[in-house]
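# Sequence and predicted model, in that order:
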Amino acid sequence: MSAKTTQYEATWESLKKTTVPDWYQDGKFGIFIHWGVYCVPAFGNEWYPRNMYIEGSPEFEHHRERWGPHSEFGYKDFVPMFKAEKFDPAHWADILKRSGARYVVPVAEHHDGFAMYDCSFSRWTAVKMGPKRDIIGELAAAVRKEGLVFGVSSHRAEHWWFFNGGMTFDSDVRDPQYADFYGPAAPGPIEHTSEAWRSRDWTPRPNAKFLEDWLARTCELVDKYQPQLVWFDWWIEQVVVEPYLQRFASYYYNRGLEWNKGVAINYKHHSFPEGAAVYDIERGQLKDIRPIFWQTDTSVSKNSWCYVKEQDYKTATSLIHDLVDIVSKNGVLLLNIGPRPDGTIPEPEEEILLEIGRWLAVNGEAIYGTRPWKVYGEGPTEVFEGYFQDIKRAGFTAKDVRFTTTGDTLYAIVMGWPESGETVVQSLGTGLALYPDAIKQVELLGCEEGVQWSRDADGLKVRLPSQRPAYAAFVLKVTKR
């Protein structure tokens, strides 16, 4: 499998020559969508298909009580129940556009091996079973019609071991007639706390047959839908996968040149060297500005990426604060939602998206197309760096400020409305060298009336109006003389 253009070769040295597309660096905010067969049981999270076969797990006990023995009702039996009868891609695209997102990344195939697209390598697809619709194709057309950039995620690599729990007792995973769905179900770690989960060289290693199949499926996904972003989960960092990753990346980057579209790949941990793809942190942030562009992916829910009956939702305010903090540090936010099995987006999730969109409608110029300033911000709230850290921090306060820039304009984004009616941006004090220029004007985005301000060694002091122009955070637009 090869592209007509051969500018990129399957080596890290060659792949490091790629550049991040402008649409990506300027867009700042995208929507991730976890939707698949795993939302039918609506219990636990998107790892239900694995955990239901782990004896002693809550999912195992729930499944046995609700659906019966695993030998009689397995994960495959949820497929006919995944009907997507109310799926309206135009409505989805409208909501995503109104959220202020600039790119959309649905899961094309999760660890469970059920393809949400027209995959020629499997009968277990949304086109041939369940909805009997090309979900990825329909959504791609709808979001592009709204002017949004389309991407996909592939979690196919994890399918090597995902169902291995079902091989340890009497279950349908052991039935040869379903081997094409449940996959190799190769031995691997059972407990999430095992050191082996952090290893880059699991045994048994994926064999050449599995890896060639992974490469063929992923390249077909690229060819059929021309995504401008391909998101991978962590397990591609296995050492045996490396040459296949290089082959895929060179193929994809060359295809992007042929399409005349800017494309990018996401990776976690150490799957790619810096510069060869875009680094992604799951449910986490950074403490400071990263000179190299990066991304956070997180979800509107604290407990699941897919639809479940009991969600613990974050607030729109906390997500806006995350977006602001991430953008100030040279990152972008990919925010996940989880539709129901019938294809509807849960009402709380729609409202979260629309509230973010309302904030961006007022303050978007401080987000879109901006770049980091000399410092990311100021304030007392500690951000915990790394993976799965985003729910540990306390809420931001009116003393927390984040900075972004566009040309000669500086934006100071304040994370709360001070009770005193005055905010002080200490980083803009005359006693510091951060902003040596004289200030010409200070504006409050969304406020038609001017604001009173002064500047001294303590900082830029701004007297705020009685009415807030936007909740969650407000933006001071600072221009120099």
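Looks like it arrived, so ask away. Numbering: from 1, shown residues only.
# From here on, just use CA atoms for contacts and neighbour counts.
Will do.
# What is the burial count for Lys440?
9 (other C-alpha atoms under 10 Å).
# mind listing what's buried in the one helix or strand it maps to?
Element membership for Lys440, per DSSP states H and E: strand 439-444. Neighbour-count burial for strand 439-444 flags 442-444 (criterion: 16 or more other C-alpha atoms under 10 Å).
# Quick one: these as a markdown table, columns for pLDDT and distance to Ala473 too.
Shown next, in a markdown table, are those (pLDDT from 0 to 100; distance: C-alpha to C-alpha, whole Å):
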| residue | pLDDT | distance to Ala473 |
| --- | --- | --- |
| Val442 | 98 | 16 |
| Glu443 | 97 | 14 |
| Leu444 | 97 | 11 |
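# Going by distance to Phe163, which of those residues wins?
Distance to Phe163 across those (C-alpha to C-alpha) is lowest for Leu444, with 54.0 Å.
# surely the closest one meets Phe474?
Yes: the pair Leu444 and Phe474 qualifies as a contact (C-alpha atoms under 8 Å) at a distance of 7.4 Å.
# Quick one: mean pLDDT for stretch 55-65?
For stretch 55-65, mean pLDDT is 97.
# Dump the C-alpha coordinates for that stretch into PDB.
The C-alpha coordinates for stretch 55-65 follow below in PDB (Å, rounded to 0.1, in the frame of the first residue of the first chain):
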ATOM      1  CA  GLU A  55     -14.600 -12.500  36.600                       C
ATOM      2  CA  GLY A  56     -15.400 -10.700  39.800                       C
ATOM      3  CA  SER A  57     -15.600  -7.200  38.200                       C
ATOM      4  CA  PRO A  58     -18.800  -5.100  38.700                       C
ATOM      5  CA  GLU A  59     -19.400  -5.400  34.900                       C
ATOM      6  CA  PHE A  60     -19.100  -9.200  35.100                       C
ATOM      7  CA  GLU A  61     -21.700  -9.500  37.900                       C
ATOM      8  CA  HIS A  62     -24.000  -6.900  36.300                       C
ATOM      9  CA  HIS A  63     -23.900  -8.700  33.000                       C
ATOM     10  CA  ARG A  64     -24.600 -12.100  34.500                       C
ATOM     11  CA  GLU A  65     -27.500 -10.800  36.600                       C
END
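# Now tell me what touches that stretch from outside.
For stretch 55-65, contacts defined as C-alpha atoms under 8 Å, 6 or more residues apart in numbering pick out 43-44, 48, 51-54, 69-70, 165.
# Now Trp231: which helix or strand?
Per DSSP H and E: strand 229-232 holds Trp231.
# Near Asn303, how many residues? Count them for me, please.
For Asn303, using other C-alpha under 10 Å, the count is 16.
# how about the nearest residue to it, chain neighbours excluded?
Nearest residue to Asn303 in three dimensions, chain neighbours excluded: Asp312, at 6.1 Å (C-alpha to C-alpha, 6 or more residues apart in numbering).
# what's near enough to touch that neighbour?
By C-alpha under 8 Å, 6+ apart, the neighbours of Asp312 are 301-303.
# Report the separation between it and Lys209.
Asp312 sits 41 Å away from Lys209 when distances are taken as C-alpha to C-alpha, to the nearest Å.
# Ok, Glu72 next?
30 Å.
# which residues in the stretch 151-300 of the chain form helices?
Using DSSP state H, counting those that start in this stretch, the helices found in the stretch 151-300 of the chain span residues 179-182, 208-225, 242-259.
# Most tightly packed of these?
helix 242-259 (a mean of 20; mean count of other C-alpha atoms under 10 Å).
# Which elements pack onto that one?
Judged by 3 or more C-alpha pairs under 8 Å, 6 or more residues apart in numbering; DSSP states H and E, the packing partners of helix 242-259 are helix 12-15, helix 208-225.
# what separates the shortest one from the chain centre, distance-wise?
Mean C-alpha position of helix 12-15 versus that of the full chain (C-alpha atoms, centre = their mean, to the nearest Å) differs by 25 Å.
# all numbers from here: first residue = 704
With 704 as the first residue, the last one maps to helix 715-718.
# And it, what's buried?
Under the neighbour-count rule (16+ other C-alpha under 10 Å), helix 715-718 has 715, 718 buried.
# Could you do stretch 865-879 as well?
Residues of stretch 865-879 classed as buried: 865-870, 874-877 (neighbour count, 16+ other C-alpha under 10 Å).
# got these as CSV, with pLDDT and distance to Asp725 columns?
Putting the buried residues of stretch 865-879 into CSV (pLDDT from 0 to 100; distance: C-alpha to C-alpha, whole Å) gives the following:
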residue, pLDDT, distance to Asp725
Phe865, 97, 36
Phe866, 97, 40
Asn867, 96, 42
Gly868, 96, 44
Gly869, 97, 45
Met870, 96, 47
Ser874, 98, 49
Asp875, 98, 48
Val876, 98, 45
Arg877, 98, 48
